[in-house]
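Enquirer: heads up, no residue letters with this:
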């Protein structure tokens with residue numbers, strides 16, 4: 001975890017600021033909050049992390065040990081990889097940064113669920129703390145990232161037809177939902193959200209998300225997803241030099257960029273291929289009507305999410 005002069009820190013940190021400070025993803029912070037490992041508060045601008053809580057976590061660590069095995073421990077802290085993995089176990093026990101980068105290469109080259117995050121770590125360390133690990137050549141050889149050979153795919157969130165009717169939130173709130181039916185319907189959410197560790201991460205994980213929320217609040221998020229975007233999940237649109245449009249969540253800045261799009265598609269985009277970029281005003285999530293949901297479907301989904 002990175003450090004900073006205490007007096008320079010604001011009283012609270014946003015999700016984006018804390019992710020940058022700790023070099024982690026929003027999902028990691030969600031998981032820590034869900035497990036009770038970090039306290040956060042909800043303000044008008046979204047979720048915030050009190051500075052005293054951040055410093056408590058950072059200062060509670062064994063500082064010399066953290067410095068010695070920072071990169072190796074990051075494998076566990078961010079990826080939550082089982083310790084029986086021999087490569088990662090060796091990285092942790094020896095405190096070797098080379099062992100940690102080797103382990104990351106192994107994971108990034110696999111088809112497992114940790115591939116994206118491992119790739120993110122490699123690309124972020126490529127030009128700084130792991131610059132002497134010959135990662136550029138290794139990334140090419142393994143096929144993880146070759147800027148000269150990479151093929152990009154256009155990904156655009158469909159816009160709703162101009163004449164598509166919007167479901168009534170008031171009507172949905174009056175209906176009685178079935179959590180069992182809602183669980184079946186929730187599979188349609190997986191193109192943008194994770195439930196039980198399965199699904200894409202274009203928005204917050206839905207495990208526990210609906211607990212304590214009113215039916216109206218949940219209905220609004222499903223019916224008009226662009227009305228309020230969760231902190232840290234603003235959409236970005238890239239236009240490439242060869243005319244492709246890629247819409248998604250920008251999960252890595254710099255060269256290259258990383259974009260995560262609907263359906264869990266993650267692409268590495270060389271900075272030289274970007275003609276323009278802009279922050280999108282709306283959501284990457286399709287509305288209930290676009291997904292073919294009825295008012296009763298939404299009520300069932302609400303019952304499931306409130307019970308999760």
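Expert: Cool, the structure landed. Just so it is clear, the structure is predicted and the values come from calculations on it, not from any experiment. Numbers count the residues shown, from 1 in each chain.

Enquirer: what mean pLDDT does stretch 171-179 have?
Expert: Stretch 171-179 shows a mean pLDDT of 94.

Enquirer: kindly check the end-to-end length of it for me.
Expert: Taking CA to CA, to the nearest Å, stretch 171-179 runs 18 Å from one end to the other.

Enquirer: how about the contacts made by residue 167?
Expert: Residues in contact with residue 167 (CB atoms under 8 Å, 6 or more residues apart in numbering) are 223, 288-289, 293-295, 298. (Glycine included, C-beta is placed from N, CA and C.)

Enquirer: what of residue 189?
Expert: 195, 199, 206, 301.

Enquirer: now residue 297
Expert: Taking CB under 8 Å, 6+ apart as the test, what residue 297 contacts is 181, 185, 288.

Enquirer: give the buried residues for the host helix or strand of it.
Expert: Residue 297 belongs to helix 295-307 when assigned by DSSP states H and E. Neighbour counts over helix 295-307 (16 or more other CB atoms under 10 Å) mark 295-306 as buried.

Enquirer: give me the distance from it to the chain's centre.
Expert: How far helix 295-307 lies from its chain's middle: 24 Å, per CA atoms, centre = their mean, to the nearest Å.

Enquirer: same question, stretch 245-265
Expert: On CA atoms, centre = their mean, the centre of stretch 245-265 falls 10 Å from the chain's centre.

Enquirer: again with stretch 107-126
Expert: For stretch 107-126, the distance to the chain centre is 14 Å (CA atoms, centre = their mean).

Enquirer: cool, and stretch 288-300?
Expert: Taking CA atoms, centre = their mean, one finds stretch 288-300 lying 25 Å from the centre of the chain it belongs to.

Enquirer: endpoints of that stretch, how far apart?
Expert: 13 Å.

Enquirer: and it, average pLDDT?
Expert: On average, the pLDDT along stretch 288-300 is 93.

Enquirer: what about the strands in the stretch 51-200 of the chain?
Expert: Along the stretch 51-200 of the chain, counting by DSSP state E, counting those that start in this stretch, strands occupy 194-195, 198-199.

Enquirer: residue 51 is nearest to which of those?
Expert: strand 194-195 (28.5 Å; CB to CB).

Enquirer: note down every partner strand of the closest one and its orientation.
Expert: strand 198-199 (antiparallel) (DSSP bridges).

Enquirer: the helix or strand that the partner strand is followed by - contacts with which helices or strands?
Expert: Per DSSP H and E, the first helix or strand lying C-terminal to strand 198-199 is helix 215-223. Here helix 215-223 touches helix 169-174, helix 295-307, going by 3 or more CB pairs under 8 Å, 6 or more residues apart in numbering; DSSP states H and E.

Enquirer: with respect to residue 121, which of those lies nearest?
Expert: Checking the helices and strands packed on helix 215-223 against residue 121 by CB to CB gives helix 295-307 as the closest, at 31.5 Å.

Enquirer: rewinding a little: can I get the helices and strands packed on helix 215-223 in JSON lines including distance to residue 117?
Expert: Output for those, formatted as JSON lines (distance: least, CB to CB, whole Å):
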{"stretch": "helix 169-174", "distance to residue 117": "36"}
{"stretch": "helix 295-307", "distance to residue 117": "25"}
